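Colleague: here is my input; please provide its structure:
(one chain, ligands or ions: 2)
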Amino acid sequence: LHDWPEPVIRVQSLSESGLKSIPERYIKPATDRPSLNVEEDPSNMDVNIPIIDLKGLSEDGNNLPQSTMDQISLACREWGFFQVVNHGVCPGFMDQVRETWRSFFHLPMEMKQAYANSPKTYEGYGSRLGIEKGAILDWSDYYYLHYLPLTLKDYNKWPAPPDSCREVIDEYGKELVKLGGRIMKVLSISLGLKEDRLQNAFGGDNFGACLRVNFYPKCPQPELALGLSSHSDPGGLTLLLTDHQVPGLQVRKDDKWITVKPAPHAFIVNIGDQIQVLSNANYKSVEHRVIVNSDMERLSLGFFYNPKSDIPIQPMEELVSTDKPALYSPMTFDEYRLFIRLRGPKGKSQIESLHSPR
Ligand code: OGA
Ligand code: NI
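Modeller: Ligands and ions are numbered 1, 2, ... in the order given. Now for the predicted structure:
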């Protein structure tokens with residue numbers, strides 16, 4: 001895990017060079033290419049991931065109407081994805097955070113290169129996930145950093161320019177840790193458990209939190225590439241903030257790819273592999289990918305709320321019975337995420353490898 005297998009090329013530089021066709025390394029095999037006209041398929045036009053109103057959600061996560069709890073439970077079983085509105089994070093602040101990151105990606109390349117990352121920790125400015133030599137790459141650059149545990153939080157690995165960037169990133173982390181904690185309680189209750197049960201399975205106060213900001217430059221041949229290959233999120237819970245004017249995220253539903261239409265100032269919430277394991281597959285971590293386009297760049301912020309990285313994660317005993325035996329063998333999140341760090345995004349192949357032998 002020492003260095004990248006090939007010289008790093010910034011996708012943004014490729015895009016800005018004005019080339020008319022993309023390099024071979026970004027051309028996906030025909031079976032993985034997006035069908036860019038699915039939107040014209042009338043059966044997909046009004047399909048969207050569920051939108052859930054969290055108005056009135058208290059600190060203890062206990063006071064949502066039963067109908068809302070039912071919607072959440074259904075969304076986690078059937079989609080692995082939902083969007084939340086009235087989540088308590090100020091819309092103006094969400095815009096400020098997104099635009100601060102946009103300014104970062106529009107800094108001169110030399111300034112960004114000062115934060116270039118390596119596959120050892122992935123922290124900083126990066127352009128690939130996985131270290132497989134000769135891999136077909138995704139059409140995106142990103143920035144990755146840690147909030148929690150505090151032992152991993154390192155301001156030196158956060159961008160300093162643009163001005164006040166670190167303060168904004170810090171504040172965003174505080175807000176999302178709070179929101180994530182409340183959603184964890186809601187999920188726990190919706191699984192029929194005590195409100196703190198899921199958080200305790202994450203290691204209580206010792207959970208982890210990190211941020212991956214994705215930058216998808218304009219792509220001259222979007223029909224051949226993906227901004228981010230199909231994957232399920234390896235961690236616990238993801239809270240995603242995207243550009244709402246520029247679609248790109250697609251979620252797999254019954255073997256179709258559904259393009260998410262984000263509501264203004266919503267967060268997109270999705271179940272990661274660790275919650276699929278803890279819930280004994282009652283809740284699903286669902287495959288998703290990102291498509292790109294030729295006229296607009298796109299930015300997204302993925303906030304990952306993860307279990308403590310060195311404790312075994314396995315199905316919670318309340319959700320295991322003789323009728324529903326434990327589907328997965330225990331594994332720590334540190335061991336688990338090594339896979340994606342070596343091999344890059346590969347659908348749901350990793351969680352499938354965890355299936356208990358029986
Ligand atoms: C991710 C991810 C989706 C997006 O970062 O894991 O799935 O819309 N991002 O950028
Ligand atoms: Ni993802």
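Colleague: number of nearby residues for residue 185?
Modeller: By other Cβ atoms under 10 Å, the residues close to residue 185 number 22. The way it works is simple: take the backbone N, C-alpha and C, and place the C-beta from them, glycine included.
Colleague: give me the nearest residue to it, chain neighbours excluded.
Modeller: residue 61 (2.8 Å; Cβ to Cβ, 6 or more residues apart in numbering).
Colleague: measure that neighbour to ligand 1 for me?
Modeller: Per Cβ to the nearest ligand atom, to the nearest Å, residue 61 is found 24 Å from ligand 1.
Colleague: now do the same contact list for residue 307.
Modeller: By Cβ atoms under 8 Å, 6 or more residues apart in numbering, the residues touching residue 307 are 201-203, 207-208, 235-236, 274, 313, 333.
Colleague: repeat that for 6 Å
Modeller: 202-203, 236, 274, 313, 333 (Cβ atoms under 6 Å, 6 or more residues apart in numbering).
Colleague: next one: residue 244
Modeller: Taking Cβ under 6 Å, 6+ apart, one finds 262, 264 in contact with residue 244.
Colleague: before we move on, what about residue 215?
Modeller: Taking Cβ under 6 Å, 6+ apart, one finds 105, 141, 299 in contact with residue 215.
Colleague: ok, how many other residues are close to the first one?
Modeller: Okay, so that is residue 105. 20.
Colleague: again, but for the last one
Modeller: The burial metric for residue 299, expressed as a neighbour count using other Cβ under 10 Å, is 19.
Colleague: tell me the mean pLDDT for the helix or strand that contains it?
Modeller: With elements taken from DSSP states H and E, the one containing residue 299 is strand 298-306. The average pLDDT within strand 298-306 is 98.
Colleague: and the closest residue to residue 304 other than its chain neighbours, what is it in contact with?
Modeller: Leaving out its chain neighbours, the residue that sits closest to residue 304 by Cβ to Cβ, 6+ apart is residue 235, at 4.4 Å. Residues near residue 235 by Cβ under 6 Å, 6+ apart: 272, 274, 304, 306.
Colleague: in which helix or strand does residue 235 reside?
Modeller: Here residue 235 is assigned to no helix or strand, by DSSP H and E.
Colleague: hang on, the earlier thing: pLDDT averaged over the following helix or strand past the strand holding residue 299 - what is it?
Modeller: Downstream of strand 298-306, the first helix or strand assigned by DSSP H and E is strand 312-313. Computed over strand 312-313, the mean pLDDT rounds to 97.
Colleague: need the distance between the two termini of stretch 267-282.
Modeller: 22 Å (Cα to Cα, to the nearest Å).
Colleague: residues touching it, excluding its own?
Modeller: Contacts of stretch 267-282 (Cβ under 6 Å, 6+ apart): 76, 80-84, 87, 191, 201, 232-236, 238-240, 283-285, 307, 313, 315-316, 319-320, 327-328, 351.
Colleague: check whether that stretch comes near ligand 1.
Modeller: No. Among the residues of stretch 267-282, none lie within reach of ligand 1 under Cβ under 6 Å from any ligand atom; the closest is 7.6 Å away.
Colleague: same check on stretch 82-93?
Modeller: No. Using Cβ under 6 Å from any ligand atom, stretch 82-93 stays clear of ligand 1, with a minimum separation of 12.2 Å.
Colleague: contact partners of that stretch?
Modeller: 49-55, 75, 175, 179, 263, 265-269.
Colleague: and residue 307, how close does it get to residue 348?
Modeller: The spacing between residue 307 and residue 348, counted by Cβ to Cβ, to the nearest Å, is 19 Å.
Colleague: leaving aside the residues adjacent along the chain, what's closest to residue 117?
Modeller: Nearest to residue 117 is residue 124, by Cβ to Cβ, 6+ apart, at 3.5 Å.
Colleague: one step back: of the contacts of stretch 267-282, grab the buried ones for PyMOL.
Modeller: To isolate the buried ones among these in PyMOL, judged by 16 or more other Cβ atoms under 10 Å, type:
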select buried, resi 76+80+81+82+83+84+87+191+201+232+233+234+235+236+238+239+240+283+284+285+307+313+315+316+319+327+328+351
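Colleague: what's the closest residue to ligand 1 within the stretch 101-250 of the chain sitting at in phi/psi?
Modeller: Distance from ligand 1 to each residue of the stretch 101-250 of the chain (Cβ to the nearest ligand atom) is smallest for residue 249, at 3.7 Å. Torsion angles at residue 249 (phi, psi; degrees, to the nearest 10) stand at phi -70, psi 130.
Colleague: that one: neighbouring residues, count only.
Modeller: 25.
Colleague: beta partners for it?
Modeller: On the basis of DSSP bridges, residue 249 is bridged to residue 290.
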